[in-house]
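# Provide a 3D model corresponding to the input given below.
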Amino acid sequence: MHTAFTEPSEDGIKRLRPRGSNQIGMSQFNERVVLQAIRFHGSMPKADIARLTNLSTQTISLIINRLLEEGLVLKLASLRGKVGQPSVPIALNPDGAFSIGIKIGRRSMDVLLVDFVGQVRERSSLSYAFPDPELLFAEIALQLDNMRAVLGPTRELRLSGIGIAAPLALGGWQHLLSIEADQADKWHRIDIRERVQAMTDLPVEFSKDTAAACVAELVAGRGRSIKSFLYVFVGTFIGGGLVIDSHLRSGRHGNAGAVGSIPLGLASSDKATPPEQLLSDASLFNLEQLFDAAGLDQTAAVDARALQAPWLTHTAAWLDDAACAIALAINSATCLLDLDGVIIDGSIDRKLLDRLMTEVETALDYYRWEGIERPVVLAGTIGSDARAIGGALLPLYANFAPDRDLFLKLDK
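The predicted structure is shown next:
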């Protein structure tokens, strides 16, 4: 199985400025370097692209002409008012390529059609108590057909692939979710990527859901300006991703950044059970349970009602527990990783995320920071679509990035 984000070689970690080659035979690589530079730094004239990529102006002119012919870039209106000839910014063509992102979660599924600049063109969502595989894959097949129909016969040819974001253990934590063993066991026997690949001739990529969300933030959000950060995503279960030196780190088993499994206490031989994990205090599942116990609609956990009466009393209690638990995870991670920052996002209303950010900052004051630097904590910019958008970025990077592991930024 192809993956767009693998562990980098040590000699590539610090090379953050995109650099092409003027050697013959490198044309496709250089095209991808140029596309990546424009994606990360926005539209710019050819001269700026040449300086950024370390390619000659003649090479850039040839590349831009090819990309214009391929429909991958556009010329924008000339910039006037400067000395010399007016410059013409080159931008990515939104219709240059498309991809489909599929987020399979424990409470819902989203299918997004994403264009070349990362904008969502079409979406479909399905909610459930817990996903039944046969019903879910039937819905995916239907939505893949629908997305192709939306594009039409011409633009459909520009579909680059399908990216799936899902938990690595979709059938896990069955007792916590009150799921029957046979329901959960169905997912243990299923290769999700393989099932979707059987539906299409497009390449299919797969990523852990929270790692895919981290990719979206890294490529299109705050991660473009932070080299090393812990990413925390508050969903049905809280999870995360880890970025070091602008590279997503998956780890040997794909679990790097799995903050949900961080213990919240000390284990000892005289305790009958191990300490609870972060996901037991800081997941939306916990907020749903509080609402349900109070006879309230638990779906309010993901919308504005969570901060309104009568839900607010229970949300406030959840915020207090969740913030302290997340702050503990941040403190522990910082001791180990010496982070530049922490980015928190989730499938929650943005006002609730703002409240959570405030509570986390307060809770961080409760912990000792001697010997380490307290990282800046920022709200994510993508929101609930982060997992599906991250999934959609996987085939785009596989097809158009110069290095499937490289994220290009300006040297600071």
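
# Now do the strands in the stretch 251-400 of the chain.
Residue ranges of the strands in the stretch 251-400 of the chain, as given by DSSP state E, counting those that start in this stretch, are 341-346, 376-379.

# shaky segments in the stretch 101-250 of the chain?
The stretch 101-250 of the chain contains residues with pLDDT under 70 at 171-179.

# the helices in it, which residues?
Here the stretch 101-250 of the chain has its helices, by DSSP state H, counting those that start in this stretch, at 133-155, 174-177, 181-188, 192-197, 209-220.

# buried set for the third one?
Judged by neighbour count (16 or more other Cβ atoms under 10 Å), helix 181-188 contains these buried residues: 183-184, 187. All C-beta spots, glycine's among them, are computed from the backbone N, C-alpha and C.

# Is it possible to get TSV of the strands of the stretch 251-400 of the chain that adds distance to residue 144, mean neighbour count and mean pLDDT?
Output for the strands of the stretch 251-400 of the chain, formatted as TSV (distance: least, Cβ to Cβ, whole Å; neighbours: other Cβ atoms under 10 Å; pLDDT from 0 to 100):
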stretch	distance to residue 144	mean neighbour count	mean pLDDT
strand 341-346	27	24	97
strand 376-379	33	17	97
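
# any chance of those in a markdown table, plus distance to residue 27?
Output for the strands of the stretch 251-400 of the chain, formatted as a markdown table (distance: least, Cβ to Cβ, whole Å):
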| stretch | distance to residue 27 |
| --- | --- |
| strand 341-346 | 36 |
| strand 376-379 | 39 |
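
# ok, back up a step: out of the buried residues of helix 181-188, who's nearest residue 131?
The closest of the buried residues of helix 181-188 to residue 131 turns out to be residue 187 (Cβ to Cβ; 7.9 Å).

# Do I have it right that that closest one meets residue 168?
No - Residue 187 lies out of contact with residue 168 (Cβ atoms under 8 Å); the separation is 10.5 Å.

# Where does pLDDT dip in the stretch 301-412 of the chain?
403-412.

# and with 50 instead?
Within the stretch 301-412 of the chain, the ranges that satisfy pLDDT under 50 run 406-412.

# just to revisit the earlier point, and among the helices of the stretch 101-250 of the chain, the most buried is which?
Highest mean neighbour count among the helices of the stretch 101-250 of the chain (mean count of other Cβ atoms under 10 Å): helix 209-220, with a mean of 28.

# other SSEs contacting that helix?
strand 98-104, strand 159-166, strand 229-234, strand 238-244, strand 247-249, strand 341-346, helix 386-400 (3 or more Cβ pairs under 8 Å, 6 or more residues apart in numbering; DSSP states H and E).

# what is the orientation angle of it with helix 386-400?
Inter-element angle recorded for helix 209-220 and helix 386-400: 60 degrees (by axes from the mean of the first three to the mean of the last three Cα atoms, to 10 degrees).

# got the angle between helix 209-220 and strand 159-166?
130 degrees.

# what does the domain assignment say about this protein?
What automatic domain parsing lists as the domains of the chain is 10-95, 98-212+388-398, 222-381.

# Give me the phi and psi angles of residue 369.
Here is the backbone geometry of residue 369 (degrees, to the nearest 10): phi -120, psi 10.

# sorry, that was for residue 129
Torsion angles, degrees, to the nearest 10, at residue 129: phi -70, psi -40.

# Residue 348 now?
Per degrees, to the nearest 10, the backbone of residue 348 is at phi -130, psi 160.

# which residues touch it?
234, 284, 301-302, 306, 356, 384 (Cβ atoms under 8 Å, 6 or more residues apart in numbering).

# can we see that at 6 Å?
Residues near residue 348 by Cβ atoms under 6 Å, 6 or more residues apart in numbering: residue 302.

# Repeat that for residue 357.
Residue 357 neighbours (Cβ under 6 Å, 6+ apart): residue 379.

# Go again with 7 Å.
344, 377, 379 (Cβ atoms under 7 Å, 6 or more residues apart in numbering).

# what's the answer for residue 102, then?
111, 140, 162, 164, 388, 391.

# pretty sure the last one contacts residue 163?
The one in question is residue 391. Yes - contact criterion Cβ atoms under 7 Å: residue 391 and residue 163 qualify, at 3.6 Å.

# Identify the contacts common to the two.
With contacts defined as Cβ under 7 Å, 6+ apart, the residues shared by residue 391 and residue 163 are 101, 207.

# Partner strands of the helix or strand containing residue 74, with direction?
Applying DSSP states H and E as the criterion places residue 74 in strand 73-75. Strand 73-75 sits in its sheet next to strand 90-92 (antiparallel), going by DSSP bridges.

# Flag every buried residue along the helix of greatest length in the chain.
Criterion DSSP state H: the longest helix present in the chain is helix 312-337. Residues 314-315, 318-319, 321-331, 333-334, 337 are the ones in helix 312-337 that count as buried (16+ other Cβ under 10 Å).

# before we move on, back to that, in TSV, list the contacts of residue 102 along with distance to residue 361.
Output for the contacts of residue 102, formatted as TSV (distance: Cβ to Cβ, whole Å):
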residue	distance to residue 361
111	35
140	40
162	39
164	34
388	29
391	31
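
# from these, which is closest to residue 33?
residue 391 (24.2 Å).
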